[in-house]
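Asks: could you look at this predicted model? Sequence included:
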Amino acid sequence: MTQNTTNLSIENLQNSDKKLIASLVKGLVVLNCFKDGNHKLTHQQVCNQTGLPKATATRLLYTLVYCQYLTHNKQTGDYYLGKQALKMGGQIAMQSDISQLALPLLKQFAQKYETSVNIASHQAGMMQYLACYRSPSRISVNLKVGSQVPLEQTAIGRAFYACASTEVKQAITHHLQQRISNKTDYENAIDLLEKQEQQYQKQGFSISSGDYSSEILAVAVAIKNGERLFAVNASVPSSYWKEDDLINKIVPALKDLANQISEIIQ
């Protein structure tokens, strides 16, 4: 093949290998528009970036939405990466440096404080776990790398949301609206996220007490590294811990852990 997929463009198709399927390449070119912080794009923006005719872009976008590689907000006209594209990206992320480099720190933290500790990032309105170390204590939820939990119901998701950019927040709310069909439930979820964001700005952490699992109490903080954003949580059985004890004992150490992780993944 003569075409380098890292430099996908419509123009290069004219001189490409005849074995290439042009329509597939065009679809990949459209998906490629959503990199480098482009969390949402309009139909016109896709046309401008790719040089595709509007009719061709319309068919490609429709097909990518149908196959769940993109999602479409009909009210605003914006397109976002869909479940299938994000799932593929998540597989890459799970194999990235953060899972390997951070694991010794997670293990040390979990053993010292007898908590489960996990790192996750946003995937289509959910938080996907990238690195995990379980507490020696028995807890009912056994999450592992690749597990997903609702962003709005968990401390780790709330911490991520609190520190996300405006564009990422818009993508999150779009995916939540897709997942939470009941309007009242959706509005309550957004209201809770905004309240948790206010708390995070004041205190530097988020908390979840029985929201995702009735037996789990968790606190979380964000991990910032340039444009990369993750969150790390510490979770414990609610029958063994009180909220104040978890906040006073674990939160300062969790903030230090987040700083250490941020430094090693540079």
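Replies: Yep, it's here. Residues are numbered from 1 along each chain as shown.
Asks: name the residues of stretch 49-61 that are buried.
Replies: For stretch 49-61, the buried set under the neighbour-count rule, 16 or more other Cβ atoms under 10 Å, comprises 49-50, 52, 56-57, 60-61. From N, CA and C alone the C-beta is placed, and that goes for glycine too.
Asks: please enumerate residues in contact with the strand or helix carrying Ala258?
Replies: With elements delineated by DSSP states H and E, Ala258 resides in helix 243-264, which encompasses its position. By Cβ atoms under 8 Å, 6 or more residues apart in numbering, the surrounding residues in contact with helix 243-264 are 98, 101-102, 105-106, 109, 112-113, 115, 117, 119, 204-205, 207, 209, 217, 219-225, 230, 232-234, 236.
Asks: among the buried residues of stretch 49-61, which are in strands?
Replies: Among these, the subset assigned to strands under DSSP state E is empty.
Asks: any chance of those residues in TSV, with distance to Asp191 and pLDDT too?
Replies: Putting the buried residues of stretch 49-61 into TSV (distance: Cβ to Cβ, whole Å; pLDDT from 0 to 100) gives the following:
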residue	distance to Asp191	pLDDT
Gln49	35	90
Thr50	38	90
Leu52	40	91
Thr56	41	92
Ala57	36	93
Leu60	37	94
Leu61	32	93
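Asks: farthest-separated two in those residues?
Replies: Across the buried residues of stretch 49-61, the longest distance by Cβ to Cβ is 13.4 Å; it joins Gln49 and Thr56.
Asks: count of residues packed around Leu254?
Replies: By the measure other Cβ atoms under 10 Å, the count of residues near Leu254 is 25.
Asks: next: Ala120.
Replies: Number of residues near Ala120 (other Cβ under 10 Å) recorded here: 30.
Asks: residue contacts, it?
Replies: By Cβ under 8 Å, 6+ apart, the contact set of Ala120 is 127-130, 149, 156-157, 160, 230-233.
Asks: cool, thanks, signing off.
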